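Colleague: Sequence first, predicted model second:
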Amino acid sequence: MSHITLAVDIEAIATKYATAAEAALLDVCDGCQATSVLATAEGSSKRDPGDKYDESIGVDLAVGRALEALGRRLQRRADGKVRAASEARRVREEKAARSDGVTGCANLQDYLAATLAQYGVADYPAQPEPADHLARLRAALEGQGFEVIDVDEMF
């Protein structure tokens, strides 16, 4: 289990008619002076002309709104990460379900070996020459009734 130290830094500026606040979520490095800002949000409040001036009410409203906005921002970010992870898992599972033993090959040799095995060429050598790859693949495909055309013959 990892331990993460987070802090919220709040700054508020109040005038007689309005208050603005910023809330910043900080990742605090344990044992060092470094911190990084993970997210910020703002909040504000305005005093109606007929209201009695009370700075603490304006600060409370502005800070509360900044913290609410910070919370919503963090929730949206987390929701986006969850959706991205779910989509990535769905794509992986879909790809695995479609896999025919050939699509997951890491290189051309593995691809050719899997393709030849798929068409019944079982005596495939471990390290054949490249020309041997193509000859065996051509024979296997033609044996299954496919017409194989050389690229050189096409032009």
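Modeller: Perfect, thanks for sending it.

Colleague: Show the subsequent helix or strand relative to the helix or strand where Ile10 lies.
Modeller: Element membership of Ile10, judged by DSSP states H and E, is strand 5-14. Sequence order places strand 18-28 as the next helix or strand after strand 5-14, per DSSP H and E.

Colleague: what lines up beside the next helix or strand after that following strand in the sheet?
Modeller: Under the assignment DSSP H and E, the closest C-terminal helix or strand after strand 18-28 is strand 35-46. The strands that strand 35-46 pairs with in its sheet are strand 18-28 (antiparallel) (by DSSP bridges).

Colleague: Now do the strand it pairs with and strand 5-14, the angle between them.
Modeller: Going by axes from the mean of the first three to the mean of the last three Cα atoms, to 10 degrees, strand 18-28 is angled at 160 degrees with respect to strand 5-14.

Colleague: And strand 18-28, what's buried?
Modeller: Buried residues in strand 18-28, defined by neighbour count with 16 or more other Cβ atoms under 10 Å: 19-26. For the C-beta atoms, the positions are set from N, CA and C on the backbone; glycine is no exception.

Colleague: List just the nearest of these to Arg89.
Modeller: Top of the list for closeness to Arg89, among the buried residues of strand 18-28 and by Cβ to Cβ, is Leu25 at 27.7 Å.

Colleague: Take the buried residues of strand 18-28 and lay them out in JSON lines including pLDDT and distance to Ile4.
Modeller: Shown next, in JSON lines, are those (pLDDT from 0 to 100; distance: Cβ to Cβ, whole Å):
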{"residue": "Thr19", "pLDDT": "97", "distance to Ile4": "31"}
{"residue": "Ala20", "pLDDT": "97", "distance to Ile4": "29"}
{"residue": "Ala21", "pLDDT": "97", "distance to Ile4": "24"}
{"residue": "Glu22", "pLDDT": "97", "distance to Ile4": "22"}
{"residue": "Ala23", "pLDDT": "96", "distance to Ile4": "18"}
{"residue": "Ala24", "pLDDT": "95", "distance to Ile4": "16"}
{"residue": "Leu25", "pLDDT": "94", "distance to Ile4": "11"}
{"residue": "Leu26", "pLDDT": "92", "distance to Ile4": "11"}
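
Colleague: Max pairwise distance over the residues you listed: which two?
Modeller: Maximum pairwise distance in these, criterion Cβ to Cβ, is 22.0 Å, between Thr19 and Leu26.

Colleague: can I see the domain layout of this structure?
Modeller: 5-97, 101-144 (automatic domain parsing).
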